[in-house]
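Chemist: Structure for this input, please:
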Amino acid sequence: MKKTLGLLLALLLALPAHGAGTWVQTPYKPAKVLFEFYFDDPAKMGSALYWVRSLMNPLMEAPYSFAPEELSVKVVIHGTEIVTMAKHNEEKYREFVDRMRYYAALGVEFKVCGQAAEDFGYSVNDFQDFIQVVPNAITELAHWQQEGYALITPHIYEKRFPIEEIR
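Modeler: Numbers count the residues shown, from 1 in each chain. Next up, the predicted model:
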């Protein structure tokens, strides 16, 4: 028994101490990304737009420093968040509209499903000027994936725990 404990202790002492993590500078290329937004609550649009930011900001900053026109980002929208782009809801969703307008100025294309828009009683004229209405979201998603775009579908959850509590 003492011999086994001694051997175990010797093995533990021989193991290297745990080091820190390693920073890896992945050699990213300009993005061709397609976001699918389909949410059960229009308020989730705010969190979803952070996904767009999380893609674009690192690519536009050093060391990558891609110009916005080098990136190709499309957002296909076909859930309840459609209401955030309707002109008559602009004041209610001002924060989201301003953020989408900012990204649209950087070249992000926001595409609304025509069938879903019709379900909500909207026509092309009901949307902000940076919105493109397409025939169908599912067909649009398939098309751009066939053109080589990576599909990202944000999953927006309600935050139930403060970071400090679970860290």
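
Chemist: Need the three-state assignment for the nearest residue to Val124 once chain neighbours are set aside.
Modeler: Spatial nearest neighbour of Val124, chain neighbours left out: Val133 (4.9 Å); criterion: Cβ to Cβ, 6 or more residues apart in numbering. In short, each C-beta sits where N, CA and C put it, glycine included. Secondary structure assignment for Val133 (DSSP: H, G, I helix; E, B strand; the rest coil): strand.

Chemist: so where's the chain uncertain?
Modeler: When residues are selected by pLDDT under 70, those of the chain lie in 1-17.

Chemist: helices or strands next to the longest helix anywhere in the chain in the packing?
Modeler: For the chain, the longest helix by residue count, based on DSSP state H, is helix 45-60. Where contact means 3 or more Cβ pairs under 8 Å, 6 or more residues apart in numbering; DSSP states H and E, helix 45-60 is packed against strand 32-37, strand 72-77, helix 94-105.

Chemist: what about it, distance to the chain center?
Modeler: 5 Å (Cα atoms, centre = their mean, to the nearest Å).

Chemist: For it, buried residues please.
Modeler: Neighbour-count burial for helix 45-60 flags Met45, Ala48, Leu49, Trp51, Val52, Leu55, Met56, Leu59 (criterion: 16 or more other Cβ atoms under 10 Å).

Chemist: The last one contacts Leu71, doesn't it?
Modeler: Meaning Leu59. Yes - counting by Cβ atoms under 8 Å, Leu71 is a contact partner of Leu59 at 6.2 Å.
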